[in-house]
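**Student:** Show me the folded form of this:
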Amino acid sequence: MARYELLNNIVHRDLRVATGFGPELGDAVGMVPAYPSEFAELQREYPIFLRREGATAAWQSVVLLGFEQYENLFLQDGRWNASYLPGAAAKGPFLIGFQENQIDGVLTQEAVMHVDLDHPRVNTAAGEQVFLPQGGNTPYLDHIAGVLRGIHDGSAFAAEMFAMLDAKGLIQPIKLDVQIEPQHRVSVNGLHGIDRERLATLEVAELLDLNRAGYLEGAYLMLASLHNMRRLIAEKQRRLRLQDATLSTTRN
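**Tutor:** Residues are numbered from 1 along each chain as shown. Sure thing, here's the model as predicted:
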């Protein structure tokens, strides 16, 4: 259970955040949220899909990390084997919240940073410091603030983007059923993607609408990202073979 508090340089002056990677730090997940603002980076290394959020049924883009709920095929020996870390993973125990303030008699909402004190990365002994000894932000915290701004801005953009893609019939369910090895088959349910054939048959006016809104590039980046499925499959095959070799050695 998360325990969020408004980040404060007095209350949390000794806070540190572990920045390594591993299952013990919460990284053993099969997918993480993704945001259109990072699609250009993500599509080089991760397959990007869409799925419905349970509570609201709104569309959420995600990157696939593995074929099981707690399988992250990018994790190995304390490293995340990719040149770009998705914002949802990079943000660690932090998130943006909103605080109401009266400014010149007008009620406004100000974005503020919160921290989950029960997150496995949070401690006071080792890792990146959050605040400087005199109370200012460390470069690490400034970096996290930038990541959170990207997530916040990307979330609003994504909602409108996916609504338009859906309205134009461009979102289709994907049956992800993959034969990894002759004796090993995996499937992931609930994923959707861009309908390539439907996109190719859109009228010029519809394509202009998407392009002017800034959504057409995102649709093509999602399609381009699917070549990364080969990387995931190859890594899954490698680990299964390593597992089989280890079992064989153990038996002998």
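**Student:** next SSE after the lowest-mean-pLDDT helix or strand in the chain?
**Tutor:** Least confident helix or strand of the chain, by mean pLDDT, DSSP states H and E, is strand 94-103 with a mean of 78. The helix or strand immediately downstream of strand 94-103 is strand 106-116, counting by DSSP states H and E.
**Student:** Just the buried positions in that next one, please.
**Tutor:** 113-116 (16 or more other C-beta atoms under 10 Å). Glycine gets a C-beta too; all of them are placed from N, C-alpha and C.
**Student:** do the same with stretch 144-151
**Tutor:** Buried-residue list, stretch 144-151, by 16+ other C-beta under 10 Å: 144-145, 147-148, 150-151.
**Student:** now stretch 226-241
**Tutor:** Within stretch 226-241, the residues that count as buried by 16+ other C-beta under 10 Å are 226, 228, 231-233, 236.
**Student:** With stretch 54-67 instead?
**Tutor:** 59-67.
**Student:** need the helices for the stretch 151-252 of the chain, in chain order.
**Tutor:** 196-200, 204-213, 216-225, 229-251 (DSSP state H, counting those that start in this stretch).
**Student:** Which strands and helices lie in contact with the shortest one?
**Tutor:** Applying 3 or more C-beta pairs under 8 Å, 6 or more residues apart in numbering; DSSP states H and E, we find helix 196-200 packed against helix 216-225.
**Student:** quick one: the helix it packs on to helix 204-213, angle?
**Tutor:** If you take axes from the mean of the first three to the mean of the last three C-alpha atoms, to 10 degrees, helix 216-225 sits at 90 degrees to helix 204-213.
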